[in-house]
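Enquirer: Here is the input, now give the coordinates:
(one chain, ligands or ions: 1)
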Amino acid sequence: MTASAHDAAVPGVPIAIDNVSKVFGEGTEKPFQALKPITTDIAPGEFVSVVGASGCGKSTLMLMVAGLLARSSGTITVAGRTVTKPITDIGIAFQDHLLLDFRTALQNVMLHADIRKLPHKDIEARARELFGQLNLEHAMNKYPRQLSGGMRQRVSLIRSLVHDPSLLLMDEPFGALDALTRLQVRTDLESLWMRRRPTVLFITHSVEEAVGLSDRILVMSPSPGEVIEDIRVELPRPRPIVLGDAPEFSAYVDRIHRHFERLGILHGLGTLPKAG
Ligand SMILES: Nc1ncnc2c1ncn2[C@@H]1O[C@H](COP(=O)(O)OP(=O)(O)OP(=O)(O)O)[C@@H](O)[C@H]1O
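Expert: Below you'll find the predicted structure:
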């Protein structure tokens with residue numbers, strides 16, 4: 001990739017999560033502790049995934065970072081400022097795969113630029129570049145109904161990143177995709193992220209996807225969730241689309257699955273019987 005003035009701009013924002021917990025229904029007869037206290041720092045431009053059993057509190061944590069849900073204890077700062085209300089003053093993007101039927105792919109990508117009156121020419125130039133980067137030029141002037149589910153998802157990725165947000169929050173964005181498309185979209189997300197390095201908080205049920213994408217993975221216990229291991233993934237980038245046969249990759253995946261086995265989330269992992 002060639003460096004340009006644009007690439008040199010400041011990447012993502014830092015996030016500090018200090019002793020943050022969540023109890024739903026506080027002060028009622030039936031309070032429910034969804035999250036035990038969590039403390040972690042996310043560096044500017046880091047790609048951090050959260051994995052854990054269903055209901056362990058992953059979305060709750062993300063909503064609190066976004067300022068969309070009040071915390072029960074602790075503090076969260078984003079870009080050095082304490083989060084007390086929904087974050088709107090830094091470039092924040094939520095992954096949202098809904099495209100408008102009556103707008104072409106390019107017009108969908110331009111949606112926020114149109115609404116927020118951002119510099120249309122610059123954003124459109126960047127949008128075209130990103131369509132090119134993902135080999136999707138042919139889709140630019142098509143309507144969502146003319147695109148496959150995977151292509152729609154990739155268009156929505158471009159839409160999330162076209163304004164170079166400093167923070168991208170993604171809650172299980174690829175859940176509805178088939179396994180092959182998911183690999184492609186994962187690779188596309190890495191390639192778009194590498195361009196400007198926004199900070200990404202990424203929730204997934206797929207351990208392989210987390211290892212394929214992340215700088216760090218927060219492994220959560222079952223409900224009430226807490227971080228049981230914070231794993232730094234030291235695999236070089238860009239990571240190949242097919243990672244399964246790399247022993248370093250499998251070692252990370254295994255390590256996380258073993259946690260889940262120990263916690264009773266997975267059963268019957270065992271080891272392969274010896275051949276012969
Ligand atoms: N507004 C709410 N009021 C009461 N309980 C809630 C509320 N929101 C979430 N919960 C509960 O808190 C727990 C954590 O929910 P959360 O959605 O954060 O889990 P999750 O790890 O994201 O789950 P999944 O992987 O299934 O999406 C769940 O038991 C959920 O039912």
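Enquirer: contacting residues around the lowest-mean-pLDDT helix or strand in the chain?
Expert: Of all the helices and strands that make up the chain, strand 92-94 has the lowest average by mean pLDDT, DSSP states H and E, namely a mean of 70. Applying Cβ atoms under 8 Å, 6 or more residues apart in numbering, the set of residues contacting strand 92-94 from outside is 66, 160-161, 163, 165-171, 198. The way it works is simple: take the backbone N, C-alpha and C, and place the C-beta from them, glycine included.
Enquirer: Same list, the residues you listed, but as CSV with distance to the ligand please.
Expert: Formatted as CSV, the entries for the contacts of strand 92-94 read as follows, by distance: Cβ to the nearest ligand atom, whole Å:
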residue, distance to the ligand
66, 13
160, 19
161, 23
163, 26
165, 22
166, 23
167, 18
168, 17
169, 12
170, 12
171, 7
198, 22
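Enquirer: coming back round to it: show the subsequent helix or strand relative to the least confident helix or strand of the chain.
Expert: If you walk from strand 92-94 toward the C-terminus, the next helix or strand you reach (DSSP states H and E) is helix 105-109.
Enquirer: same for that next one, what does it pack against?
Expert: Here helix 105-109 touches helix 120-133, helix 149-161, going by 3 or more Cβ pairs under 8 Å, 6 or more residues apart in numbering; DSSP states H and E.
Enquirer: between these, which one is nearest to residue 18?
Expert: Smallest distance to residue 18 across the helices and strands packed on helix 105-109 (Cβ to Cβ): 27.4 Å, for helix 149-161.
Enquirer: and the angle for the closest one with helix 120-133?
Expert: Orientation of helix 149-161 against helix 120-133 (axes from the mean of the first three to the mean of the last three Cα atoms, to 10 degrees) gives an angle of 140 degrees.
Enquirer: dump the residue contacts of the residue in the stretch 151-276 of the chain positioned nearest to the ligand.
Expert: Residue nearest to the ligand within the stretch 151-276 of the chain: residue 223 (5.4 Å; Cβ to the nearest ligand atom). The contact partners of residue 223, taken as Cβ under 8 Å, 6+ apart, are 34, 53, 55-57.
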